[in-house]
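Student: Below is the structure, and that's it, no one-letter string:
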Ligand code: FE
Ligand code: FE
Ligand code: MG
């Protein structure tokens, strides 16, 4: 990043990069959890649920890309190994061992709730101090809120007597 671009970042960059890399780790694990969940999904509304999980997987991968581009701009580097991803994650990884759609939805809702909490924290960290990162984090946060809502709505449909 250029001199002036660096100058306007009013937070501790090392600390910010650490938080961003932790969110980056979460995104990769969320991506894989959704991606593999879509493959193994079985039971009620399987087709619709799998399609939604696939779409969310794509969006989590996009988030990882948004984070990494900004981290590099800030002079950082992304985590380079799956071991580091597992070490640094906030939200962890819930293996979709029960492939029934209801169980998958419940697991992924939990993941989204953790993501929302993570990005709210990151947003508060940069708010008013680093407008570029703030915008990126806000965009991701908007997506995570939408993800949670989509999954909760599906789970509600599934619980209603006629779906
Ligand atoms: Fe995400
Ligand atoms: Fe999400
Ligand atoms: Mg969706």
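Tutor: Received the coordinates, thanks. Model, not experiment: these values are computed from the prediction. Ligands and ions are numbered 1, 2, ... in the order given.
Student: Can you tell me the closest non-neighbouring residue to the residue of the chain found nearest ligand 2?
Tutor: The nearest approach of the chain to ligand 2 comes at residue 147, 3.7 Å away (Cβ to the ion). Every C-beta, even on glycine, is put in place using the N, C-alpha and C of the backbone. By the measure of Cβ to Cβ, 6 or more residues apart in numbering, the closest residue to residue 147 outside its immediate chain neighbours is residue 112, 4.8 Å from it.
Student: what's the strand or helix carrying the one you found packed up against?
Tutor: Following DSSP states H and E, the helix or strand that holds residue 112 is helix 101-126. Applying 3 or more Cβ pairs under 8 Å, 6 or more residues apart in numbering; DSSP states H and E, one finds that helix 101-126 contacts helix 13-40, helix 46-73, helix 131-159.
Student: if you set the cut-off to 6 Å instead, what comes out?
Tutor: helix 13-40, helix 131-159 (3 or more Cβ pairs under 6 Å, 6 or more residues apart in numbering; DSSP states H and E).
Student: Okay then, goodbye and thanks.
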